[in-house]
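Engineer: next come a sequence and a model predicted from it.
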Amino acid sequence: TPPPHLNSTLLVNMAEPCGPAPHRCENLASGHLENGLKYYVWNHPDPKGYCELRLCVAVGSWYERDEESGFAHFVEHMAFKTTERFTENGEVTKFLESKGAQYGHDLNASTGLFDTTFRFQLPVRGGRGIEDGLDVLAEWAFGVRVTEDDVESERPVILEEWRMKRGAKERLKR
């Protein structure tokens, strides 16, 4: 069971990638698993044949101490590198793309003040899209690996993202 401050939520939206908030959806199914995971599942008619899966983890920059600043965002990036099942760098992204996801538009993640959200959209082919998607979410929830090579290869990416979020005047000081 995860510590109380590491609550996770799984959202499965059958069709619409940017649907209404779960508490306003018709035909919403929700519940809690024994491990503390909250889930919401709902149907939406458009686009037909697709599902969107999201894993929202209650870990964001708000919970970091000063010396940990940026750590939640860094872990978000590591989830796309290697996991217990996807042991080659970037293999999880390649797997999802092979199932129909497109990196960037419908396969991405973000870290905010209070949470980190992983999301992707997959075509549903005989139910397999949902099963493949749940496998990936389980890897992101429990199987992220961090290797020295992954850290070193991602460090410049994270630093550039940080630099780009600063104002033009601050970026030019570098």
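Structural biologist: Right, received. Where do you want to start? Numbers count the residues shown, from 1 in each chain.

Engineer: quick one: low-confidence ranges for the protein?
Structural biologist: Along the chain, the model assigns pLDDT under 70 to residues 1-25, 44, 46-47, 127, 167-174.

Engineer: residue nearest the middle of it, spatially speaking?
Structural biologist: Phe118 (1.2 Å; CA atoms, centre = their mean).

Engineer: counting by contacts, list what the helix or strand where that residue lies packs against.
Structural biologist: Taking DSSP states H and E as the criterion, Phe118 maps to strand 116-123. Applying 3 or more CB pairs under 8 Å, 6 or more residues apart in numbering; DSSP states H and E, we find strand 116-123 packed against strand 50-57, helix 71-78, strand 107-111, helix 128-142. From N, CA and C alone the C-beta is placed, and that goes for glycine too.

Engineer: could you dump it to PDB, C-alpha only?
Structural biologist: Backbone C-alpha positions of strand 116-123 (Å, rounded to 0.1, in the frame of the first residue of the first chain) are rendered in PDB as follows:
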ATOM      1  CA  THR A 116       2.300  14.200 -12.000                       C
ATOM      2  CA  THR A 117       0.000  12.900 -14.800                       C
ATOM      3  CA  PHE A 118       1.000  10.400 -17.500                       C
ATOM      4  CA  ARG A 119      -1.400  10.100 -20.400                       C
ATOM      5  CA  PHE A 120      -1.800   8.400 -23.700                       C
ATOM      6  CA  GLN A 121      -4.500   7.500 -26.200                       C
ATOM      7  CA  LEU A 122      -4.700   4.100 -28.000                       C
ATOM      8  CA  PRO A 123      -7.000   2.500 -30.500                       C
END
